[in-house]
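# Only the shape, not the letters, is given here:
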């Protein structure tokens, strides 16, 4: 019986940490999916928005700005940079091939990382947790209050985004652009503005993720590259271009990693995640939620 | 001049001439070293370009094959008793076999799905290398013993300048020959439309696999050279960022251009060296340059400049 309880506690522990990390991956994947749907750009600078969210908040707070205001400021900075990325790097390269656009976003991510290292610093920083650092004990497992903040925050973002996409005229314009850009333009949608909006939204979502996660995972100028990789993998696992797929893919990736680290090998936790992704893609080449498109010749 | 630009064989001879003429112009052994590194990277990018630029298949995991070559010449002599001259071909054979068996299921995926699958494969290899410390030295890396051929030991920048320069010319020659052959036409047909190529009787799966294995061979040779030249190898050699670097080199120089691979690799090897004068601003400048280059030369440096020259001329 004792052994059974310990196994349950262990299972819960892995589940908690997997869900927390997965929520962050889900937000990054959501950002990938938004710009991909609207602009057909896989934006590898997506991870840098997460970095900016954490770092701007840390440094604004250190400069005397009250924490809530610092967080808002970080989101605003990320949105401004997202819009600038679209205006000065993506739009001028309109008509370039998908691979060229990806490399441009990689250039942007190197640039942003360089800017962060210069303007801020190269150290690790943390933010205070919203409800303190006293862990709760549930079924023998410990849960940090901030984990719940991350989960709740991510859930609010996801619900808010889904409401925005289905209920508002701007959200509908975004979906129309994603479905068929030419047709959207014919009915009078300013598709260029909509694409800008998709960059602003994905930047804001990334920054919120970065602010929520900073108290647990710490942040520095270099956190973006690994997150971009994981977020991209999560978006592909769910099926690129599907917001629901991105969320499910992100959470699953986090959970695979946590259970892989716990039950298989902590050194090979990423391996477990990628092997699962490969197996999923071999049986479902369009991801979990992707529909098989017929190729046009 | 325009005929020279168009004739790919003349281009290879041009590259050979540059390799020969450049050497006495390099002022110090530091420059010779940078040039050798550019050649080694160009070799890997050349293979990747055959896969991406001609057959149209993305790989974000080529550092994996580069790493197989690098660790073959490191681990082979140190732990398995393989003589150094045999470790390099052993690495090539391993890379080719892995590419063959992995490529069959993976190449059924398309576009970004293929990108994420190749990325996963590359990361798996990097993880094995950094975790199996008793074999590979783990994150700290390991020493690589010198290449010894018939009692002659290859070391120092000048030796590796010539070895990698000559191999690059041979590699470019083979790539050009391949691309001008029916196989090359099959690659391009698959690139334009796999379905259409299939309808015309091109065995797409077979040709994609061929391009994948070939690019793995190029990357493995380049990786072996890199490790032997440096005398040391770390998991950095095989990291995801290095895979990205190879893709950036290929795209910056120009996908589907053999000369572009060499130009792209040279720029990305030389640029960070030149940018060290900017100290902390190095990454800012590098990122900005990549963006600016690709906005103004979206097809890559060599193809975009070539079409500019052609419109000027006519």
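Perfect, thanks for sending it. Bear in mind that the values here come from a model prediction, so they are computed numbers and not experimental data. Residues are numbered from 1 along each chain as shown, chains lettered A, B, ... in the order given.
# what's the longest helix along chain B packed up against?
Using DSSP state H, we find that the single longest helix of chain B is helix B:204-230. If you count contacts as 3 or more C-beta pairs under 8 Å, 6 or more residues apart in numbering or on different chains; DSSP states H and E, helix B:204-230 packs onto helix B:29-49, helix B:62-75, helix B:84-106, helix B:157-179, helix B:182-192, helix B:194-199. Where you see a C-beta, it was placed from the backbone N, CA and C, and this is true even at glycine.
# now those in CSV, with mean neighbour count, distance to residue A:43 and mean pLDDT?
Output for the helices and strands packed on helix B:204-230, formatted as CSV (neighbours: other C-beta atoms under 10 Å in any protein chain shown; distance: least, C-beta to C-beta, whole Å; pLDDT from 0 to 100):
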stretch, mean neighbour count, distance to residue A:43, mean pLDDT
helix B:29-49, 25, 22, 94
helix B:62-75, 31, 22, 94
helix B:84-106, 19, 24, 92
helix B:157-179, 20, 32, 92
helix B:182-192, 18, 24, 86
helix B:194-199, 16, 26, 84
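# Tabulate the ones you listed (JSON lines), appending distance to residue A:149.
JSON lines is the format used below for the helices and strands packed on helix B:204-230 (distance: least, C-beta to C-beta, whole Å):
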{"stretch": "helix B:29-49", "distance to residue A:149": "43"}
{"stretch": "helix B:62-75", "distance to residue A:149": "37"}
{"stretch": "helix B:84-106", "distance to residue A:149": "39"}
{"stretch": "helix B:157-179", "distance to residue A:149": "54"}
{"stretch": "helix B:182-192", "distance to residue A:149": "48"}
{"stretch": "helix B:194-199", "distance to residue A:149": "47"}
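# thinking again about what came up before, and the helix or strand just after the longest helix of chain B, what does it pack against?
Counting by DSSP states H and E, the next helix or strand C-terminal to helix B:204-230 is strand B:232-233. Packed against strand B:232-233 by the contact rule (3+ C-beta pairs under 8 Å, 6+ apart) you find helix B:62-75, strand B:142-143.
# could you give the angle of the first one to helix B:29-49?
Same thing as helix B:62-75. Following axes from the mean of the first three to the mean of the last three C-alpha atoms, to 10 degrees, one obtains 120 degrees for the angle between helix B:62-75 and helix B:29-49.
# Could you show which parts of the stretch 1-150 of chain A are in contact with chain B?
A:42, A:89, A:92-93, A:95-100, A:103-104, A:106-115, A:117-118 (C-beta under 8 Å from any C-beta of the partner chain).
# could you give the mean pLDDT of the lengthiest helix in chain A?
For chain A, the helix reaching the highest residue count under DSSP H is reported as helix A:2-39. What helix A:2-39 shows for mean pLDDT is 90.
# buried stuff in the helix or strand following it?
Sequence-wise, the next helix or strand downstream of helix A:2-39 (DSSP H and E) is helix A:46-62. Of all the residues in helix A:46-62, those buried under the rule 16 or more other C-beta atoms under 10 Å in any protein chain shown are A:46-61.
# which strands and helices sit next to helix A:46-62?
Counting by 3+ C-beta pairs under 8 Å, 6+ apart, helix A:46-62 packs on helix A:2-39, helix A:67-85, helix A:98-119, helix A:191-217, helix A:223-238.
# quick one, which of those is packed in tightest?
The highest mean neighbour count among the helices and strands packed on helix A:46-62, using mean count of other C-beta atoms under 10 Å in any protein chain shown, belongs to helix A:223-238: a mean of 27.
# As TSV, the helices and strands packed on helix B:204-230 with distance to chain A would be great.
Output for the helices and strands packed on helix B:204-230, formatted as TSV (distance: least, C-beta to the nearest C-beta, whole Å):
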stretch	distance to chain A
helix B:29-49	12
helix B:62-75	12
helix B:84-106	5
helix B:157-179	19
helix B:182-192	10
helix B:194-199	5
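# Out of these, flag the one nearest residue A:167.
helix B:194-199 (39.3 Å; C-beta to C-beta).
# what helix or strand is the residue nearest to residue A:216 when sequence neighbours are not counted on?
Excluding the flanking residues, the one nearest residue A:216 by C-beta to C-beta, 6 or more residues apart in numbering or on different chains is residue A:146, at 5.3 Å. Taking DSSP H and E as the criterion, residue A:146 maps to helix A:145-167.
# gap between the residue most central in space within chain B and residue A:234?
Centroid-nearest residue in chain B, with C-alpha atoms, centre = their mean: residue B:44, separated by 1.4 Å. To residue A:234, residue B:44 is 29 Å away according to C-beta to C-beta, to the nearest Å.
# and what of residue B:209?
28 Å.
# next one: residue B:207
From residue B:207 over to residue A:234 the distance is 32 Å, taken as C-beta to C-beta.
# now swap in residue B:130 and tell me
From residue B:130 to residue A:234 the distance is 23 Å (C-beta to C-beta).
# cool, residue B:94 as well?
In this view, residue B:94 and residue A:234 are 31 Å apart by C-beta to C-beta.
# How about residue B:291?
Going from residue B:291 to residue A:234 by C-beta to C-beta gives 26 Å.
# ok, residue A:104 - contacts?
The contact partners of residue A:104, taken as C-beta atoms under 8 Å, 6 or more residues apart in numbering or on different chains, are A:89-90, A:93, A:96, B:290-291, B:294-295.
# Columns secondary structure, pLDDT and neighbour count on top of the residues you listed, output as JSON lines?
Formatted as JSON lines, the contacts of residue A:104 follow (DSSP: H, G, I helix; E, B strand; the rest coil; pLDDT from 0 to 100; neighbours: other C-beta atoms under 10 Å in any protein chain shown):
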{"residue": "A:89", "secondary structure": "helix", "pLDDT": "92", "neighbour count": "25"}
{"residue": "A:90", "secondary structure": "helix", "pLDDT": "91", "neighbour count": "24"}
{"residue": "A:93", "secondary structure": "helix", "pLDDT": "88", "neighbour count": "19"}
{"residue": "A:96", "secondary structure": "coil", "pLDDT": "83", "neighbour count": "19"}
{"residue": "B:290", "secondary structure": "helix", "pLDDT": "87", "neighbour count": "25"}
{"residue": "B:291", "secondary structure": "helix", "pLDDT": "92", "neighbour count": "24"}
{"residue": "B:294", "secondary structure": "helix", "pLDDT": "87", "neighbour count": "28"}
{"residue": "B:295", "secondary structure": "helix", "pLDDT": "91", "neighbour count": "19"}
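# For residue A:267, grab the count of nearby residues.
Counted with other C-beta atoms under 10 Å in any protein chain shown, the neighbours of residue A:267 add up to 15.
# Would you mind listing what in the stretch 201-314 of chain B touches chain A?
Residues of the stretch 201-314 of chain B lying near chain A by C-beta under 8 Å from any C-beta: B:240-241, B:244, B:247-248, B:251-252, B:255, B:280-291, B:294-295, B:298-300.
# ends of stretch B:251-267, how far apart?
Length of stretch B:251-267, first residue to last, C-alpha to C-alpha, to the nearest Å: 12 Å.
# what's the answer for stretch A:79-99, then?
24 Å.
# Need the contact partners of it.
Applying C-beta under 8 Å, 6+ apart, the external contacts of stretch A:79-99 come out as A:39-43, A:45, A:49, A:52, A:100-101, A:104-105, A:107-108, A:112, A:192, A:195-196, A:199-200, A:202-204, A:207, B:52, B:58, B:111, B:247, B:251, B:255, B:291, B:294-295, B:298-299.
# make it 7 Å
Stretch A:79-99 is contacted from outside by A:39-41, A:45, A:49, A:52, A:100-101, A:104, A:108, A:195-196, A:199-200, A:202-204, B:251, B:255, B:291, B:294-295, B:298, using C-beta atoms under 7 Å, 6 or more residues apart in numbering or on different chains.
# likewise stretch B:98-116?
Identification of contacts with stretch B:98-116 by C-beta under 7 Å, 6+ apart yields A:42, A:232-233, A:236, A:240, A:277, A:281-282, A:285, B:57-58, B:60, B:65, B:68, B:117-118, B:121, B:205, B:208-209, B:212-213, B:216.
# Next up, the contacts around the residue lying closest to residue A:219 once chain neighbours are set aside.
Residue nearest to residue A:219 in three dimensions, not counting chain neighbours: residue A:54, with 3.2 Å by C-beta to C-beta, 6+ apart. Residue A:54 sits next to A:210-211, A:214, A:219 when contact means C-beta under 7 Å, 6+ apart.
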